[in-house]
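1. Predicted coordinates and the sequence they were generated for:
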Amino acid sequence: MEAGLPDSPRLSRRGPAPAPGIVHLGPGAFFRAFNAVYTEDAMAASGGDWGIVAVSLRSATARDQLEPQGGAYTSISLMPEGPRARVIGSIVEVLVAPEDPGAVLDRMTDPSTRIVSLTITEKGYCHFPSSGELDPEHPDILHDLAEPDSPRSALGFLVEALARRRATGQGPFTVLSCDNLPSNGHLARRVVIAMARLRDEELADWIEREVPFPATMVDRITPATTEDVVARLEETEGYRDPACVQHEPFKQWVIEDRFVAGRPDWAAAGAQMVRDVEAHETMKLRCLNGTHSTLAYLGYLARHETIADAVADPPFARLCEKLWAEEIVPTVPQPEGEDLARYTAALMERYRNPQIRHLTWQIAMDGSQKLPQRILGTVRDARSAGRVPAGLCLAVAAWMRYVGGMDERGQPIDVRDPMADRLKCASDGAESAADKVDALLGFREIFGIDLAGDAAFREAVVDAYETLQEKGAQRAVEAYVA
Ligand code: CS2
């Protein structure tokens, strides 16, 4: 059967929809592969009205795909032995914020909404990545302060919804950040309160006092859905589901257990409810995302299309192992119940999963927002301990080559990053390797003042950049692991 035959039935909801209890901002693939699955399992295990109203802050795609299916979609687990499909029904409605911001605010202020969760990616926090402070000049923040009834940003929706709940004497909801950022709860709290303070001191104080922002560590590798995936699902399951998502079998959710108005029984679905998430987050961001980004930039330059392709190349596998052993793990605090050697060995197995085509290009996106917590924090800790982490400096140099916008064969790179134009301009405006590195280190919002002014770090990045320029990424990696 071919994809998209007109007589192919669409997936439809199986069983009644649960009553809503959560509003989720950012209904992308990760949320569908992760949060919505945990919530489905939690309701199956322990009940509760925790149906999810998913809100897209930008495009109508998720709504257009999910609505004809009553919110149901397929989660495809990429087991090493082959895919396994499962229909998820925890999403009960999808709203598109730009079409009707008022409807989103109504839903957020409805008493049934007890949690507002977020997967809005790093750039959705409208902050300076190096300091975690709100960027008060961010165009979306300026817009939302001027027009609080029709916000654009997640922060604008949160602040206005909380303001309305306060004004009507309703209790607050819990704000649950599920983005890959260190202390994501603390960061969400900081930027929401900072924005509220620009509107109304008392509102900011109320949020500070009343609204919990638990931190979470989220982990599940979720490559983008492609037309191929939809077609294969159609062949095996006999229905068409453009909203399907694919992901690895592994999943881990560590949640700080601080909720103001209840929560689903996520523990029954395998989540770890803990008092302190920080060490888990540092472990995951530095060990997993740090090597992911390293493999993304060096791997892309060396023409490895996916993570599995990259680690099938022995020097790239060795690169990860050496980074973990020598540069990353020594900076990671020991999270309770984790064995770091076992954790990194398991990561390598996850990267090698041949069923997963996770593009280096996909992971390379938004590097300006990702580098600080994935790589630069580790670099800082190493520098404080008197070391120069050569492998991570090579990763930084590879990012610099990548955002320069031209690959090793002189072909343009499609760089997706909110700062792409500025980064390319800075790189193009400089001649020598050292000048290009200096121009990019000058981005304070990425490197802070400290790293930009660290001579030993700069020298190592310049060396690595020159090696990349002269020998290419493949040989640079081989030289590092030799
Ligand atoms: C990846 C992550 O795209 C990326 O930047 O590093 O999405 C990664 O797959 C997840 O964090 C895994 O939990």
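-> Received it, and whenever you're ready, just let me know what you need. Numbers count the residues shown, from 1 in each chain.
2. Next, count neighbours for residue 368.
-> By other Cβ atoms under 10 Å, 21 other residues sit near residue 368. The C-beta positions use only the backbone N, C-alpha and C, and glycine is treated the same way.
3. pretty sure it contacts residue 447?
-> No. Shown here, residue 368 and residue 447 do not form a contact pair, counting by Cβ atoms under 8 Å, at 10.2 Å.
4. Can you give me the distance of residue 41 to residue 245?
-> 16 Å (Cβ to Cβ, to the nearest Å).
5. who has more neighbours, the two?
-> Shown here are residue 41 and residue 245; by other Cβ under 10 Å, residue 245 has more neighbours (25 against 19).
6. Contact partners for residue 385?
-> Neighbour list for residue 385: 330, 331 [criterion: Cβ atoms under 8 Å, 6 or more residues apart in numbering].
7. Residue of the stretch 351-482 of the chain closest to the ligand, please.
-> Residue nearest to the ligand within the stretch 351-482 of the chain (Cβ to the nearest ligand atom): residue 363, separated by 4.0 Å.
8. what does the stretch 251-400 of the chain give?
-> Nearest residue of the stretch 251-400 of the chain to the ligand, counting by Cβ to the nearest ligand atom: residue 292, 3.6 Å away.
9. Alongside the ligand, which residues does the stretch 251-400 of the chain contribute?
-> Proximity of the stretch 251-400 of the chain to the ligand, by Cβ under 6 Å from any ligand atom, involves residues 288, 289, 292, 362, 363, 370.
10. Of these, grab the buried ones for ChimeraX.
-> In ChimeraX syntax, the buried subset of those is picked out as below (16 or more other Cβ atoms under 10 Å):
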select :288,289,292,363,370
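11. Show me the two of the residues of the stretch 251-400 of the chain next to the ligand that sit farthest apart.
-> The two members of those with the most space between them (Cβ to Cβ) are 288 and 362, at 14.9 Å.
12. Distance check, the closest residue to residue 153 other than its chain neighbours against residue 375.
-> In this structure, residue 153 finds its nearest non-sequential neighbour in residue 140, 3.9 Å apart by Cβ to Cβ, 6 or more residues apart in numbering. Using Cβ to Cβ, residue 140 is found at 26 Å from residue 375.
13. The two: which is more packed in?
-> Using other Cβ under 10 Å as the criterion, residue 140 and residue 375 rank with residue 375 on top: 29 against 18.
14. so which strand or helix has the residue of the stretch 1-150 of the chain found nearest the ligand?
-> The minimum distance from the stretch 1-150 of the chain to the ligand, using Cβ to the nearest ligand atom, falls at residue 30 (6.7 Å). For residue 30, the element it lies in under DSSP states H and E is helix 29-33.
15. Need the residues that contact that helix.
-> 24, 54, 73, 75, 88, 91, 119, 178, 218, 220, 222, 224-225, 243, 245-247.
16. out of those, who's near the ligand?
-> Filtering the contacts of helix 29-33 for proximity to the ligand by Cβ under 6 Å from any ligand atom leaves residue 220.
17. isn't the residue of the stretch 251-400 of the chain closest to the ligand right next to residue 363, touching?
-> Yes. Contact status for residue 292 versus residue 363: in contact at 5.3 Å, counting by Cβ under 8 Å.
18. Brilliant, that's me finished.
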